[in-house]
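Participant: have a look; sequence and predicted model below, questions after that.
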Amino acid sequence: MASSRIISHSPPNLHRQSSPFDTVKPLPPQNLNLPPKRHRNLRIHTSLRSSSHSNNDLNDTVELRTNSVSAVSNDVVSKDPISLPRPLSSNQSSTAVSDGSRLRVAYQGVRGAYSESAAQKAYPNCEAVPCEQFDTAFEAVERWLVDRAVLPIENSLGGSIHRNYDLLLRHRLHIVGEVKYAVHHCLMANPGVKLENLKRVLSHPQALAQCENTLTGWGLVREAVDDTAGAAKHVALNNLQDAGAVASSAAAEIYGLNILAQDIQDDSDNITRFLVLAREPILPGIDRPFKTSIVFSLEEGPGILFKALAVFALRQINLSKIESRPLRKQPLRTSDDNSNRYFDYLFYVDFEASMADQNAQNALRHLKEFATFLRVLGSYPMDISMT
Ligand SMILES: O=C(O)C(=O)C[C@]1(C(=O)O)C=C[C@@H](O)C=C1
């Protein structure tokens, strides 16, 4: 190992060093001159694209750019700046006590995407708002276009959705909940098209990865698109005869496709975990099982990651996830004598404790002694449902 070199600055492009003890300052709303009109089924785009998704014939959506807030309803967002930043209570993230009525929840994809179902699982009576990309969903919350975003973070077969890990750091949203959703993939095609007619199959890369063995067995060429339901929509709109889509049964129904095979994922236990994001954190509780997500970077040195993880082990705090991502703005670190260059990482850790728990606070205080950067992404109720 290299000799230890302490980096005393926060990594560039990271938000201010934050601790669970920080007072959270809410972001100011971007524009408070909001028209009274309420539009339903908004589809949010960061830019106009000429992809297949730009044809909205099938789902009656309204397109808008995220730099315009003209379509935001003001029955959700008050004009009174004093009353705007209200910390959510931990109850508000609970599906048991809040059905999400009046909440506008952004998800990535078009109607029929699994993310839409996850949003509806989190908030059964919400208005689910489709967004073209993950970034767009983050921005929609930040710009007060919607109240929450529900975005996938990991899948039991396909692994982590790295893009969303990176976006969590780039944006200032807080994790206020998680949703586990059982994903059952179907192979679908236009009416009259049979499995033997298919040469290719379209879907989201995660969905294709989750069906890897089955699709290889059928000898189908895989084509990646933005989301599963978008694949179904494309196959339907273009009346493709040689291509099918991997998507949900809901997508087959919405876009008028026939299901050729059901439950085609490589393992019947195919669970995607989604995060619920909001502008404000919730007050962590101890009334039910909570999880806390953090991200940190470390000094270079022998056993430093071991030391970092030991702050939890010493206090009997269980870790449920650890992910490392390259520290992009400072991807390499050189040793003191310039003889070696090392990759530099950010570590994302989920641990099973609430920030209201003294034990968890002590663990983070301990970690801060040698972390070069630490941010709490959220402390939120665990989804203990059987999906
Ligand atoms: O494409 C969709 O339907 C999505 O909701 C995205 C997504 C993902 O990104 O992992 C969500 C759940 C499934 O694991 C497959 C795809």
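Facilitator: Great, that's in hand.
Participant: can you name the next helix or strand after the helix or strand bottoming out on mean pLDDT in the chain?
Facilitator: Lowest on mean pLDDT, DSSP states H and E among the helices and strands of the chain sits strand 62-65, with a mean of 30. Sequence-wise, the next helix or strand downstream of strand 62-65 (DSSP states H and E) is strand 104-108.
Participant: which of the residues in that following strand are buried?
Facilitator: By neighbour count on 16 or more other CB atoms under 10 Å, the buried set for strand 104-108 is Arg104, Val105, Ala106, Tyr107, Gln108. All C-beta atoms are positioned from the backbone trio N, CA, C, and that covers glycine.
Participant: what's near enough to touch the fourth one?
Facilitator: So that's Tyr107. Residues near Tyr107 by CB atoms under 8 Å, 6 or more residues apart in numbering: 113, 115-116, 118-119, 128-131, 137, 149-151.
Participant: just put those in TSV and tack on secondary structure.
Facilitator: Conversion of those to TSV gives the following (DSSP: H, G, I helix; E, B strand; the rest coil):
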residue	secondary structure
Ala113	coil
Ser115	helix
Glu116	helix
Ala118	helix
Ala119	helix
Ala128	strand
Val129	strand
Pro130	strand
Cys131	strand
Ala137	helix
Ala149	strand
Val150	strand
Leu151	strand
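Participant: most neighbours out of the residues you listed, which is it?
Facilitator: When neighbours are counted by other CB atoms under 10 Å, Ala137 leads the contacts of Tyr107 with 33 neighbours.
Participant: show me what contacts Val295?
Facilitator: Contacts of Val295 (CB under 8 Å, 6+ apart): Leu168, Leu169, Leu346, Phe347, Tyr348, Val349, Phe373, Leu374, Arg375, Leu377.
Participant: can you pull the domain assignment for the protein?
Facilitator: For the chain, automatic domain parsing gives the domain ranges 42-182+271-278, 186-262, 290-381.
Participant: looking at those domains, which is nearest to Pro284?
Facilitator: Of all the domains of the chain, the one in closest proximity to Pro284, counting by CB to CB, is domain 290-381 (3.9 Å).
Participant: show me what the mean pLDDT comes to for the closest one.
Facilitator: The average of the pLDDT scores along domain 290-381 is 89.
Participant: can you name the residues of this protein that neighbour the ligand?
Facilitator: 109, 113-115, 152, 155, 161, 183, 204, 206-207, 227-229, 272 (CB under 6 Å from any ligand atom).
Participant: mind giving me the PyMOL command for buried ones among the residues you listed?
Facilitator: Filtering the residues of the chain next to the ligand down to the buried ones (16+ other CB under 10 Å) takes a single PyMOL command:
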select buried, resi 109+113+114+115+152+155+161+183+204+206+207+227+228+229+272
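Participant: what about the helices in this structure?
Facilitator: Using DSSP state H, the helices assigned to the chain run over residues 114-122, 134-142, 162-170, 205-210, 212-218, 228-237, 249-255, 304-313, 358-368.
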